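Trainee: coordinates only, sequence not included:
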């Protein structure tokens, strides 16, 4: 659907078990398989549908990886899906960035999450627990060591709010928003309108 008018942009039909879907700025991608996993007997397939030329025929390519998200231009594939609950630590994986035609565009190591809009959470150095948010579409890297990220609606659409613990003065700490990131602008950390976010 067109987000401005609500009109249908394109209908897409796939067959098989749907394992995931993702949107780039110009493509809808849907991963299907013959089983509940893409590798081996799952025979995973990613089918892409152009959103700029809606009369174009869909194309597809095989994969043994999971479709875990997308940047503005590329699909993000990982060896296994990411967990929504990292209470006992998040798995770090190498994410492969794939063009809509199935060719490889690059890879990012140490990834723990792929967020909407192409922000990728990675551990840059496991020994020091250095954490980063990387947006390969705009070549942006932000240090978030000691902070936590949450997917939120932000003043200009979908994005991330980054929280940090601050000392309250009585020996305890409180989680407060430090900045927010948009999924659509140049990727700079915003500090305006922080008062509209409450801590989790």
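Mentor: All right, it came through fine. All figures in this text were calculated on a predicted structure; none of them were measured in a lab.
Trainee: from here on, contacts and neighbour counts on C-alpha atoms
Mentor: OK.
Trainee: Apart from its neighbours in sequence, what residue is nearest residue 113?
Mentor: Nearest non-adjacent residue to residue 113, counting by C-alpha to C-alpha, 6 or more residues apart in numbering: residue 121, 5.1 Å away.
Trainee: err, residue 80, not the other one
Mentor: The nearest residue in space to residue 80 (C-alpha to C-alpha, 6+ apart) is residue 66, at 5.8 Å.
Trainee: Could you measure from the one you found over to residue 113?
Mentor: Computed as C-alpha to C-alpha, to the nearest Å, the residue 66 to residue 113 distance reads 13 Å.
Trainee: Comparing the two, which shows the higher neighbour count?
Mentor: residue 66 (25 against 22; other C-alpha atoms under 10 Å).
Trainee: Tell me the confidence at that one?
Mentor: Residue 66 is assigned 98 on the pLDDT scale.
Trainee: now this protein, which segments are flagged as low pLDDT?
Mentor: Counting by pLDDT under 70, the chain has low-confidence residues at 85-89, 199-200.
Trainee: So which residues of it form strands?
Mentor: Using DSSP state E, the strands found in the chain span residues 17-23, 27-33, 45-50, 59-62, 66-70, 75-78, 93-98, 104-114, 120-125, 130-135, 140-143, 147-154, 157-167, 173-182.
Trainee: residues contacting the spatially closest residue to residue 42 that is not a sequence neighbour?
Mentor: Using C-alpha to C-alpha, 6+ apart and skipping the chain neighbours, the partner closest in space to residue 42 is residue 35 (4.4 Å). Residues in contact with residue 35 (C-alpha atoms under 8 Å, 6 or more residues apart in numbering) are 17, 41, 42, 43.
Trainee: For these, name the two members farthest from one another.
Mentor: Greatest spatial distance among the contacts of residue 35 (C-alpha to C-alpha): 17 and 41, at 12.6 Å.
Trainee: Who has more neighbours out of these two?
Mentor: Each of residue 17 and residue 41 has its neighbours counted (other C-alpha under 10 Å); residue 17 has more, 16 against 12.
Trainee: Quick check, the more buried one in contact with residue 30.
Mentor: No. Judged on C-alpha atoms under 8 Å, residue 17 makes no contact with residue 30 at a distance of 10.3 Å.
Trainee: Which residue, other than its chain neighbours, is closest to residue 123?
Mentor: residue 131 (4.6 Å).
Trainee: any chance of the contacts of residue 35 in a markdown table, with distance to residue 49 too?
Mentor: Below are those laid out as a markdown table (distance: C-alpha to C-alpha, whole Å):
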| residue | distance to residue 49 |
| --- | --- |
| 17 | 18 |
| 41 | 25 |
| 42 | 22 |
| 43 | 20 |
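Trainee: nearest to residue 175, of the residues you listed?
Mentor: Looking across the contacts of residue 35 and measuring by C-alpha to C-alpha, the closest to residue 175 is residue 17, at 40.4 Å.
Trainee: Give me the distance between that closest one and residue 178.
Mentor: Note on residue 17: its distance to residue 178, by C-alpha to C-alpha, is 40 Å.
Trainee: and if you look at residue 121?
Mentor: Between residue 121 and residue 178 the distance is 17 Å, computed by C-alpha to C-alpha.
Trainee: If anything else comes up later, I'll come back, but that's it for now.
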